[in-house]
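Peer 1: give me the fold of what follows.
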Amino acid sequence: MSHRQPVRVGDRHAFDTLIDARSPAEFALDHIPGAINCPVLNDEERRIVGTVYVQTGAFEARRIGGAMVAANIARHLRDTLADRPENWKPLVYCWRGGMRSGSMVTWLRLVGWDAQQLAGGYKSFRRHVISQIDTLTPKLDLRVICGATGSAKTRVLHALAARGAQVLDLEDFASHKGSLLGSLPGVAQPSQKHFETLIAAVLETVDLSRPLYVEGESIRIGRLSLPLSLVARMRAAPCIEVAATPEARLAYLLRDYAYLGDDREALADKMGVLKEMQGKETVARWQQWAHEADLPHLFAELMALHYDPHYQKSQELHFKAWVQRRSVVAEDLSDQGIEAVADAVLSLDKGASPSA
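Peer 2: Predicted coordinates for the structure are as follows:
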């Protein structure tokens, strides 16, 4: 049975299932959204074949690898793919669109399925991601949601999305809240590549004639870097400030970061990085509060002495339109208050008077 011409990245949506034939480690690092992992070589098998290739040569590597590939494809046919109907149409890819995906396509087509191979494999998809971000980002009608620490900006984004607004939630994609205390307990950040893949997947669906709301971020979220084209677009976009009172912000932080009190030692360690900036005496006090899980005192001083003094200058430095920003005043950041902030943000684009 002859194969058709390999499929281009832009045509991948025409298929019933995307199959990533790479190893689990490669898949975990990044993959096409929606793909399932059916490795033709697992991580250890891939290592073995690579070692044989270097030490013995290509023929022996193909002989040993071929047996492993056949066994793995047989297992997928018995298990993961056993319930697929006769008219099922999968698209298979590996690293470069070579032997791993080609082997699986051969067997799937022998079964009778209309299996196709992605031209260029994951590498072509990776180029597509970078191209999409750089091409689409300058066309975005961005609205940057700003606000001092504790202004519930991410929750406002969620409320906007619930109202049908277009939203790009970068902190969700980064699995990080974007601040000194922003790492999520037990949740690792994704790879830089997968972070960018998630961004590109949203940008591909955006209606460029409508606003896209995004939280004002620095160039990094945890250890991940924002694409430079997106940073440039954000820096030039109109700003909407959630002007929340200190009392409302502290109450929100105590709810949103309550879990920090569960690991007091880790919290105290994080305070240690501020010694040079805040002084040993101040940080010692903060570490004592951390050890006692006294979050009200700790968060209040972090706001007053660390975050707030730099807020205005930071916004002016990073956002060209900061001086012309529009503001939504918020004295309440409860669930109901956040809903009201979202309504007020949307009203700004409709020319209504902002209030929350």
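Peer 1: so which bits of stretch 338-350 are buried?
Peer 2: Neighbour-count burial for stretch 338-350 flags 338-346, 348-349 (criterion: 16 or more other Cβ atoms under 10 Å). Where you see a C-beta, it was placed from the backbone N, CA and C, and this is true even at glycine.
Peer 1: residue boundaries of the strands in the chain?
Peer 2: 17-20, 36-37, 90-93, 116-117, 141-146, 166-168, 211-215, 220-221, 224-225, 239-244, 326-330 (DSSP state E).
Peer 1: just these: most buried one?
Peer 2: Mean neighbour counts were compared across the strands of the chain using mean count of other Cβ atoms under 10 Å; the top stretch is strand 90-93, at a mean of 26.
Peer 1: thinking again about what came up before, what's the farthest-apart pair in the buried residues of stretch 338-350?
Peer 2: Between any two of the buried residues of stretch 338-350, the greatest separation by Cβ to Cβ is 18.2 Å, found for 338 and 349.
Peer 1: please parse the protein into its domains.
Peer 2: 9-128, 140-349 (automatic domain parsing).
Peer 1: looking at those domains, which is closest to residue 134?
Peer 2: Using Cβ to Cβ, the domains of the chain put domain 140-349 closest to residue 134, at 4.9 Å.
Peer 1: next one: the closest one to chain centre, how far?
Peer 2: Relative to its parent chain, domain 140-349 has a centroid offset of 15 Å by Cα atoms, centre = their mean, to the nearest Å.
Peer 1: offset the numbering so it begins at 16, please.
Peer 2: Sure, I'll start counting at 16 from here, so that last one is domain 155-364.
Peer 1: measure that domain end to end?
Peer 2: Start to finish, the residues bounding domain 155-364 are 16 Å apart (Cα to Cα, to the nearest Å).
Peer 1: what ranges do the helices span in the stretch 216-365 of the chain?
Peer 2: 243-251, 261-271, 279-287, 290-293, 295-306, 310-316, 323-333, 350-364 (DSSP state H, counting those that start in this stretch).
Peer 1: now the ones you listed in CSV, with distance to residue 79?
Peer 2: Below are those laid out as CSV (distance: least, Cβ to Cβ, whole Å):
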stretch, distance to residue 79
helix 243-251, 44
helix 261-271, 53
helix 279-287, 46
helix 290-293, 55
helix 295-306, 54
helix 310-316, 57
helix 323-333, 54
helix 350-364, 58
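Peer 1: from residue 185, how far out is the nearest residue to residue 276 once chain neighbours are set aside?
Peer 2: What sits nearest to residue 276 in space, not counting adjacent residues and going by Cβ to Cβ, 6 or more residues apart in numbering, is residue 308, at 3.9 Å. Distance, residue 308 to residue 185, using Cβ to Cβ, to the nearest Å: 30 Å.
Peer 1: got it, and residue 305?
Peer 2: Per Cβ to Cβ, residue 305 is found 28 Å from residue 185.
Peer 1: if we can go back for a sec, export the domains of the chain to CSV and tack on distance to residue 149 and mean pLDDT?
Peer 2: Formatted as CSV, those follow (distance: least, Cβ to Cβ, whole Å; pLDDT from 0 to 100):
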stretch, distance to residue 149, mean pLDDT
domain 24-143, 11, 97
domain 155-364, 5, 94
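Peer 1: sorry, back to before: can you redo the strands of the chain as CSV with distance to residue 288?
Peer 2: Output for the strands of the chain, formatted as CSV (distance: least, Cβ to Cβ, whole Å):
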stretch, distance to residue 288
strand 32-35, 38
strand 51-52, 37
strand 105-108, 42
strand 131-132, 49
strand 156-161, 25
strand 181-183, 29
strand 226-230, 23
strand 235-236, 15
strand 239-240, 18
strand 254-259, 26
strand 341-345, 30
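Peer 1: and residue 206, which of these is closest to it?
Peer 2: Of the strands of the chain, nearest to residue 206 by Cβ to Cβ is strand 239-240, at 8.5 Å.
Peer 1: wait, what's in contact with residue 27?
Peer 2: By Cβ atoms under 8 Å, 6 or more residues apart in numbering, the contact set of residue 27 is 33, 47, 106, 133.
Peer 1: switch to 10 Å and redo it
Peer 2: If you count contacts by Cβ atoms under 10 Å, 6 or more residues apart in numbering, residue 27 has them with 33, 47-50, 106, 108, 131, 133, 140, 143.
Peer 1: which among these gets closest to residue 201?
Peer 2: Nearest to residue 201 among the contacts of residue 27, with distances taken as Cβ to Cβ, is residue 48, at 23.4 Å.
Peer 1: okay, residue 308 and residue 185: which has more neighbours?
Peer 2: Each of residue 308 and residue 185 has its neighbours counted (other Cβ atoms under 10 Å); residue 185 has more, 24 against 14.
Peer 1: now the more buried one: how far from residue 302?
Peer 2: Residue 185 is 30 Å from residue 302, by Cβ to Cβ.
Peer 1: quick one, what contacts residue 268?
Peer 2: So residue 268 contacts 164-167, 196, 275, 310-311, 313-315, 317-318, 322, 348 (Cβ under 10 Å, 6+ apart).
Peer 1: do residue 175 as well
Peer 2: Per Cβ under 10 Å, 6+ apart, neighbours of residue 175: 158, 160, 181-182, 184, 226, 228, 356-358, 360-361.
Peer 1: now those residues as a markdown table including distance to residue 57?
Peer 2: Formatted as a markdown table, those follow (distance: Cβ to Cβ, whole Å):
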| residue | distance to residue 57 |
| --- | --- |
| 158 | 45 |
| 160 | 43 |
| 181 | 40 |
| 182 | 38 |
| 184 | 33 |
| 226 | 45 |
| 228 | 42 |
| 356 | 49 |
| 357 | 46 |
| 358 | 51 |
| 360 | 48 |
| 361 | 49 |
